[in-house]
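# Okay, predicted coordinates and the sequence, questions at the end:
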Amino acid sequence: MSGPFATIRARCAEVARRARFVRIDAKALERLAAALADDPPAPPAWDPATHHVGSPASTLAYVVTLNAVNFGSGWFPKLRKRGGRSGYFTVAMGLKDRFDAHGPWSAAELAALAAVDLADVTGQSLEDPEVAELMALFATALNDLGRLLARRHGGSFAALVEAAERRAARLVALLAEMPLFRDVSVYDDFEVPFYKRAQITAADLSLACGGEGFGRFDDLAELTCFADNLVPHVLRREGVLHYRAGLGDRIDREELLAHGSPEEVEIRACGLHAVERLVAAIRARGGEATAQAVDYTLWHRGQRPEMKAHPRHRARCPYY
């Protein structure tokens, strides 16, 4: 394997090697790998109850638009949730309603959106300055998307994906032309790319389109874990990740971590590297696994009440 996904894996492995605040427990990792190998998860599916499904063109536009604003976990405790759903599903379902009723925004419409528009779509109030801050970031992300589509792809979502030439790595590079998709941190003396939202855009397109048409990517199996704050949380609750006492205490007190701080980078990188080791351990037992599949399984474990009962790390940034 070469290219951006190999770089992500190598840099995260180096962070894990140097880590001062986060440690991977090898025995707990082997136990979890055995459990996953013995009880492989069902394959992921695109849920029409929570996500828009329309024509190929509108489904494509929805997936790209959703992942342009697929962040905000550091603000999610402040959001007005939809029917007890998580912050992610609150945003996804708000966009679904918009697309179901009116179809996609055009490139010009995306470029003109304001915070009040995103608050209306997601059911939020701008009276809370912290919520207003997130809605403004959502608007900026969609403004950037509209301008990129207009400037580079004739205003067409299809042209954007076709320019990737069925390569997820190429789609990541195209999306990373937008600042809020450029998910790269600095740790010690080197850069650590994650590209969480750019990678998950390719994965979601594959799910939503059944791996065909706009969802066909010949290198999809090379995707890494989608480094966020939920998969590391699940790994911590499973005993795979251990945080230095001071860091764990701060998270348990629900203190925000600074994005780009050594602690925050280590949590994301060690989580990603632990998933790589889980994939290797599952395969060593004769099972089939990819980083994307393990990520999906752990993410859905994170929706369980016993996982939600404990705080996870939160940082305010436009990357997860």
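Looks like it arrived, so ask away.
# Validate this expectation: Gly211 resides in a helix.
No: under DSSP: H, G, I helix; E, B strand; the rest coil, Gly211 falls outside any helix and is assigned coil.
# what about it, neighbour count?
Neighbour count of Gly211, defined by other C-beta atoms under 10 Å: 12. To be clear about C-beta, it is placed using only N, CA and C from the backbone, and glycine gets the same treatment.
# For Ala159, see how far away it is.
21 Å (C-beta to C-beta, to the nearest Å).
# Name the residues of stretch 127-144 that come out as buried.
Residues 128, 131-144 are the ones in stretch 127-144 that count as buried (16 or more other C-beta atoms under 10 Å).
# Between all of the residues you listed, which two are at the greatest distance?
The distance between the two most remote of the buried residues of stretch 127-144 (C-beta to C-beta) is 24.1 Å, for Asp128 and Asp144.
# what's the distance between the host helix or strand of Arg151 and the middle of its chain?
For Arg151, the host element (DSSP states H and E) is helix 129-152. A distance of 17 Å separates the centroid of the chain from that of helix 129-152, by C-alpha atoms, centre = their mean, to the nearest Å.
# Which residues does the helix or strand where Leu247 lies contact?
Assessed by DSSP H and E, Leu247 sits inside helix 245-252. The contact list for helix 245-252 (C-beta atoms under 8 Å, 6 or more residues apart in numbering) reads 21-22, 243, 257, 263, 310-313.
# From the chain's centroid, how far away is it?
The answer for helix 245-252 is 23 Å, by C-alpha atoms, centre = their mean.
# swap in stretch 108-127?
With C-alpha atoms, centre = their mean, you get 21 Å for stretch 108-127.
# Okay, buried residues for it please.
110-111, 113, 115, 117-119, 121-122, 124.
# Downstream of the strand or helix carrying Ala169, the next helix or strand is which one?
Ala169 belongs to helix 168-175 when assigned by DSSP H and E. Where DSSP H and E defines the elements, the next helix or strand beyond helix 168-175 is strand 184-187.
# Who are the packing partners of the following helix or strand past that next one?
For strand 184-187, the succeeding helix or strand toward the C-terminus, using DSSP H and E, is strand 190-193. With contacts taken as 3 or more C-beta pairs under 8 Å, 6 or more residues apart in numbering; DSSP states H and E, strand 190-193 sits against helix 4-18, strand 184-187.
# Please name every helix or strand in contact with the first one.
Meaning helix 4-18. Packed next to helix 4-18, using 3+ C-beta pairs under 8 Å, 6+ apart, are helix 168-175, strand 190-193, helix 262-284.
# Pull out the buried residues from it.
4-5, 7-9, 11-16.
# For that helix, which outside residues touch it?
With C-beta under 8 Å, 6+ apart as the test, helix 4-18 has contacts from 1, 22, 24, 169, 172-173, 187-188, 190-195, 219, 222-224, 227, 265-266, 268-270, 272-274, 276.
# Same question for the shortest one.
Residues outside strand 184-187 that contact it (C-beta under 8 Å, 6+ apart): 15, 18, 191-195, 259-260, 262, 264-266, 268-269.
# related to what we said a few turns ago, what would the helix holding Arg151 look like as CSV? C-alpha coordinates only.
The C-alpha trace of helix 129-152 is given here as CSV (Å, rounded to 0.1, in the frame of the first residue of the first chain):
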residue,chain,number,x,y,z
PRO,A,129,-23.6,31.8,21.1
GLU,A,130,-21.9,28.4,21.1
VAL,A,131,-24.5,26.9,18.9
ALA,A,132,-24.3,30.0,16.7
GLU,A,133,-20.5,29.4,16.4
LEU,A,134,-21.1,25.9,15.1
MET,A,135,-23.8,27.0,12.6
ALA,A,136,-21.4,29.7,11.3
LEU,A,137,-18.8,27.0,10.7
PHE,A,138,-21.4,24.8,9.0
ALA,A,139,-22.2,27.7,6.7
THR,A,140,-18.5,28.3,6.0
ALA,A,141,-18.1,24.7,5.1
LEU,A,142,-21.0,24.7,2.7
ASN,A,143,-19.9,28.1,1.2
ASP,A,144,-16.5,26.5,0.5
LEU,A,145,-18.2,23.5,-1.1
GLY,A,146,-20.3,25.7,-3.4
ARG,A,147,-17.3,27.7,-4.5
LEU,A,148,-15.2,24.6,-5.1
LEU,A,149,-18.0,23.1,-7.2
ALA,A,150,-18.5,26.3,-9.2
ARG,A,151,-14.8,27.0,-9.7
ARG,A,152,-13.4,23.6,-10.4
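# After that helix, which helix or strand is next?
Next along the chain from helix 129-152, counting by DSSP H and E, comes helix 157-162.
# Need the contact partners of that following helix.
57, 60-61, 64, 104, 148-149, 152-153, 171, 174, 205, 214.
# Burial check on the residue nearest to Ala111 when sequence neighbours are not counted, number of neighbours?
Using C-beta to C-beta, 6 or more residues apart in numbering and skipping the chain neighbours, the partner closest in space to Ala111 is Gly146 (3.3 Å). Applying other C-beta under 10 Å, we find 22 residues neighbouring Gly146.
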